[in-house]
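this one's sequence-less:
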């Protein structure tokens, strides 16, 4: 049985329409070049671009990451959060299931002078992650819908399977006293 949001059918329909409108806007998206908290990033069409409100997480990363931290950026996307973390730490692992994200992240890290500080890996959550981390960054998927395509994996998580698995597994990858930074969009399906 699938996830059933605790909201009215009208509210569910509003969220589905919003989700569809976002997809229509980015369907023909070409490569995006963007300034993001003083860094230059390029986001190819196969990668979901960072939302403007994600800068709240980015600013927190800049404040939170310590030089001694081993950092994991879960679902790296364009690599921007890993790049921000590498501004302070030289031990960052960035993972994503979308290989286009890994390519974009690698190129963006090199352009921003932190490529040697970040190891990019293909991983579905923790399946290709080793060891424990001082800080894990996660900007999770916030829709219960099934993703439409590889780009949609960044925002759609059928029945919240990925988010649930993350919370079930994350403690196994945190050092004692380890921290998690999570940014969960308020336009999601919070109950």
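Perfect, thanks for sending it. These figures come from a predicted structure and were not determined experimentally.

Please make it C-alpha for all contacts and neighbour counts, starting now.
Will do.

and the end-to-end length of stretch 67-87?
9 Å (CA to CA, to the nearest Å).

again but with stretch 57-77, I slipped
OK, stretch 57-77 end separation, CA to CA: 14 Å.

And that stretch, what's buried?
The neighbour-count check on stretch 57-77 (16 or more other CA atoms under 10 Å) flags 57-58, 61-62, 65-66, 69-77 as buried.

which stretches of the chain form helices?
For the chain, applying DSSP state H gives helices covering 9-26, 55-64, 80-85, 99-111, 161-169.

tell me the most buried of those?
Most buried of the helices of the chain, by mean neighbour count (mean count of other CA atoms under 10 Å): helix 80-85, with a mean of 30.

Next, residue 90: phi, psi?
phi -110, psi 10 (degrees, to the nearest 10).

whoops, residue 68 was the one
When read as degrees, to the nearest 10, the backbone of residue 68 gives phi -80, psi 0.

what's the answer for residue 129, then?
Main-chain dihedrals, residue 129, degrees, to the nearest 10: phi -120, psi 130.

what sits against the closest residue to it other than its chain neighbours?
Nearest residue to residue 129, sequence neighbours excluded (CA to CA, 6 or more residues apart in numbering): residue 123, at 7.2 Å. Listed by CA atoms under 8 Å, 6 or more residues apart in numbering, the contact set of residue 123 reads 95-97, 129.

could you point out where this protein is predicted with low confidence?
Applying pLDDT under 70 to the chain flags residues 1-5, 19-20, 22-28, 141-159, 185-191.

and if we set it to 90?
1-32, 34, 45-55, 97-98, 139-165, 182-191 (pLDDT under 90).
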